[in-house]
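Visitor: Quick one, fold the following:
(one chain, ligands or ions: 2)
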Amino acid sequence: MSDNIKVALRLRRPLGLESVDSVIARVGTEEKGNTIDIRHSKKVEVKSFQFDHCSTYSEDVGRDQKEIYEQLAREYLLHALDGYNTCIFAYGQTGSGKSHTMSGSAEYPGIIPRLCQELFAVRELYQASDGQTSTHFRIRCSYVEIYKETVQDLLGKGKCRVREKADRTTYVEGLQDFEVFTEQELSHYFNLGNMRRVIGATQVNEQSSRSHAIFSIDIEQQETSPLGHTSKRKSSIKLIDLAGSERVQASKTTGEHLKEGANINRSLSALGRVISMLSKVKKPISIPYRDSVLTWVLKESLGGNSKTCMIACVSPCDYEETMSTIRYATLARNVRNSAMLNSHEISNGKEQVQAMRSQLEELQKTLSRVENQREVEDQMEKIKLTNQFLEARIDEEQKLAANYYHEWVEMSAQRDGLMQLLGGIVRSTQDVQYSQLRTLLKQLKDHSWEVGQKIELYHSEATECIKRSQE
Ligand SMILES: Nc1ncnc2c1ncn2[C@@H]1O[C@H](COP(=O)(O)OP(=O)(O)O)[C@@H](O)[C@H]1O
Ligand SMILES: [Mg+2]
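Guide: Residues are numbered from 1 along each chain as shown. Ligands and ions are numbered 1, 2, ... in the order given. Here you go, the predicted model:
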């Protein structure tokens, strides 16, 4: 995908001795939001310049830091997650807010710590998504500093050389990179590199503003779909805090400083030349990347396979330096890059069909297992119901049997009572009138016959019932 380098301008708030009256730059309001107006202190004329994005300052430093990340930098993390190489570099004179923009402070974190934090937040999201597609992340980082045309590995052993690969891309030979698993680990390496820069800065006066710092995060994502389809995306994010761009002739430096300044000048003017050539409608065949270590290392980020953003930082009170930065930034707007999606499928067509086939078989097996399981479950349910039914019947019949037995015992007792009564009557009726006695006896006989019949019936039913429940 061919697209231009995005150029954003950030206007720093007036600091220290800079009075509000001496401010010469102003970012356009709402409808003219992406313009900056520059006024020369001795002239009435106001020059207006347009960029892809312009940001000014407010009373809330924290909110400004958040906004520049969200409105500008976040996009480059998202492009990287899509598989594009990305690069954000801060350009501007010393004190214009490059480090504030890229690194910031613990209180007001800049683009790099925010991007590190969001990268891991996104990784969490991807890993905890729907469980359908799993994404495995490998994140590595490295940190170099270019000082006096030498590449210094800030996390490794020291000086390194820049080499060209067969595909004509460049790399830093022997550079140590580290795999990181948490945001804390990534921040640790960033802070470690910064500390080494600071140590250098105290040994060699103000090295940190005189060296270029490149923090790289390499992301490798392996995605596996439920059908076993695997794809890989690779991308690299380069986050760069360039050395101060103040012109050497303006600062009256001598000796070591002059050499230092000349080196910075060399790499920044080489960067300017490269940008200028790349911005031409008809690009020259040979771009002078080799003219400085900086442009050589950043070959891919400038006019190559990368989505690149330049943040031009300007101080609000310095007309000459601000104009110089704006000229540089205006040129950069015309540079066209050709970012490519660095992703490829790991499995080829045949493997994929095979993977789908075995996936289908697996599914069918699971399905038949489920069917069998269902049959067994049905049977079990039936058996359970039959058992319940039988238990209820046995229970009921046992209750019936117990009732019959109870009644039988009661009837037997009644019969015994009747027999005793009969015996008593026979014994005590010698002198009673026969006709009356006969009637009485007849009634008694009938009654006892009835009772006897009932007893017989109950008895045989009870026997039958007990026999059934024992079967
Ligand atoms: N937008 C801003 N808001 C508040 N303070 C800022 C802003 N930009 C820069 N500063 C402050 O200005 C000073 C110089 O900024 P710095 O980022 O170190 O400049 P550079 O890296 O370009 O030399 C620092 O103290 C920084 O905190
Ligand atoms: Mg700085």
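Visitor: Can you name the element that comes right after the helix or strand of the chain with the lowest mean pLDDT?
Guide: When the helices and strands of the chain are scored by mean pLDDT, DSSP states H and E, helix 207-210 comes last with a mean of 64. For helix 207-210, the following helix or strand on the C-terminal side (DSSP states H and E) is strand 212-224.
Visitor: Run me through the strand neighbours of whichever helix or strand comes after that next one, direction for each.
Guide: The helix or strand immediately downstream of strand 212-224 is strand 230-241, counting by DSSP H and E. In the sheet, strand 230-241 lines up against strand 86-91 (parallel), strand 212-224 (antiparallel), strand 343-345 (antiparallel) (DSSP bridges).
Visitor: Take those and lay them out in a markdown table including mean neighbour count and mean pLDDT.
Guide: Using the backbone N, CA and C atoms, a C-beta is placed for each residue, glycine as well. Converted to a markdown table, the strands paired with strand 230-241 look like this (neighbours: other Cβ atoms under 10 Å; pLDDT from 0 to 100):
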| stretch | mean neighbour count | mean pLDDT |
| --- | --- | --- |
| strand 86-91 | 26 | 96 |
| strand 212-224 | 21 | 93 |
| strand 343-345 | 13 | 69 |
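Visitor: Near the single nearest residue of the stretch 201-350 of the chain relative to ligand 1, how many other residues are there?
Guide: Per Cβ to the nearest ligand atom, S209 is where the stretch 201-350 of the chain lies closest to ligand 1, at 4.9 Å. S209 has 18 neighbouring residues, counting by other Cβ atoms under 10 Å.
Visitor: Where does pLDDT dip in the stretch 201-350 of the chain?
Guide: 201-208, 226-228, 247-265, 344-350 (pLDDT under 70).
Visitor: just to confirm, which helix or strand has Y143 in it?
Guide: strand 134-147.
Visitor: what's that strand packed up against?
Guide: Contacting strand 134-147 under the criterion 3 or more Cβ pairs under 8 Å, 6 or more residues apart in numbering; DSSP states H and E are the following elements: helix 111-127, strand 150-153, strand 178-180, helix 183-203, strand 212-224, helix 293-297.
Visitor: quick one: which of these is nearest ligand 2?
Guide: Across the helices and strands packed on strand 134-147, ligand 2 has its closest neighbour in strand 212-224 (8.5 Å, Cβ to the ion).
Visitor: quick check, distance from the closest one to the centre of its chain.
Guide: 15 Å (Cα atoms, centre = their mean, to the nearest Å).
Visitor: on that earlier part again, could you dump the strands paired with strand 230-241 to TSV with distance to ligand 1?
Guide: Converted to TSV, these look like this (distance: least, Cβ to the nearest ligand atom, whole Å):
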stretch	distance to ligand 1
strand 86-91	7
strand 212-224	10
strand 343-345	35
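Visitor: Reformat those strands as TSV; add distance to R161.
Guide: Output for those, formatted as TSV (distance: least, Cβ to Cβ, whole Å):
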stretch	distance to R161
strand 86-91	21
strand 212-224	15
strand 343-345	30
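Visitor: Looking at those, which is nearest to Q373?
Guide: Checking the strands paired with strand 230-241 against Q373 by Cβ to Cβ gives strand 212-224 as the closest, at 28.8 Å.
Visitor: so L77 sits right up against L239, yeah?
Guide: No - look at L77 against L239 with Cβ atoms under 8 Å: they stay out of range, at 10.3 Å.
Visitor: Common neighbours of these two, please.
Guide: L115 (Cβ atoms under 8 Å, 6 or more residues apart in numbering).
Visitor: now L278: how far from ligand 2?
Guide: 25 Å (Cβ to the ion, to the nearest Å).
Visitor: Next: T169.
Guide: 28 Å.
Visitor: Show me which residues of this structure sit near ligand 1.
Guide: 12-13, 15, 57, 61, 64, 92, 94-100, 209, 244, 313 (Cβ under 6 Å from any ligand atom).
Visitor: So which of those residues belong to strands?
Guide: Among those, DSSP state E puts C313 in strands.
Visitor: What subset of the residues of the chain next to ligand 1 is buried?
Guide: Among these, the ones that count as buried by 16 or more other Cβ atoms under 10 Å are 12-13, 57, 64, 92, 94-100, 209, 244, 313.
Visitor: wait, which of those residues is closest to L418?
Guide: D64 (115.2 Å).
Visitor: Pull out the buried residues from stretch 39-53.
Guide: Buried residues in stretch 39-53 (16+ other Cβ under 10 Å): 49, 51-53.
Visitor: L418 against H447, yeah?
Guide: Yes - using Cβ under 8 Å, L418 is in contact with H447, at 7.3 Å.
Visitor: what about those two, which has more around it?
Guide: Shown here are L418 and H447; by other Cβ under 10 Å, L418 has more neighbours (16 against 12).
Visitor: Name the SS class of that one, please.
Guide: helix (DSSP: H, G, I helix; E, B strand; the rest coil).
Visitor: And for E124, the neighbour number?
Guide: E124 sits with 12 neighbouring residues when counted by other Cβ under 10 Å.
Visitor: confidence score at it?
Guide: Turning to E124, the model gives it a pLDDT of 85.
Visitor: How is this structure partitioned into domains?
Guide: 2-346, 350-470 (automatic domain parsing).
Visitor: Would you quantify the distance from the closest residue to G158 other than its chain neighbours to C141?
Guide: The shortest distance from G158 to any non-neighbouring residue, by Cβ to Cβ, 6 or more residues apart in numbering, is to Q152 (6.4 Å). As defined by Cβ to Cβ, to the nearest Å, Q152 lies at a distance of 16 Å from C141.
Visitor: what helix or strand is E107 on?
Guide: Assigned by DSSP H and E, E107 belongs to no helix or strand.
Visitor: And the closest residue in space to it that isn't next to it in sequence, how far from Q71?
Guide: Ranked by Cβ to Cβ, 6+ apart and with sequence neighbours excluded, the top spatial neighbour of E107 is G62, at 7.5 Å. Here the distance between G62 and Q71 works out to 15 Å (Cβ to Cβ).
Visitor: Please apply the same query to K445.
Guide: Distance from K445 to Q71, by Cβ to Cβ: 118 Å.
Visitor: Equivalent analysis for E164, please.
Guide: 36 Å.
Visitor: Which single residue of the protein ends up nearest ligand 2?
Guide: For the chain, Cβ to the ion, closest residue to ligand 2: S99, 3.2 Å.
Visitor: I'd say K47 and A25 touch.
Guide: No - K47 is beyond contact range of A25, at 10.0 Å (criterion: Cβ under 8 Å).
Visitor: Quickly list what's touching both of these two.
Guide: 37-39.
Visitor: Switch the residues you listed over to a markdown table; also include distance to ligand 2, pLDDT and secondary structure.
Guide: Formatted as a markdown table, those follow (distance: Cβ to the ion, whole Å; pLDDT from 0 to 100; DSSP: H, G, I helix; E, B strand; the rest coil):
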| residue | distance to ligand 2 | pLDDT | secondary structure |
| --- | --- | --- | --- |
| D37 | 26 | 89 | strand |
| I38 | 23 | 89 | strand |
| R39 | 26 | 87 | strand |
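Visitor: tell me which of these is nearest to N85?
Guide: Among those, I38 lies closest to N85 (Cβ to Cβ), at 33.4 Å.
Visitor: Fine by me, we can end here.
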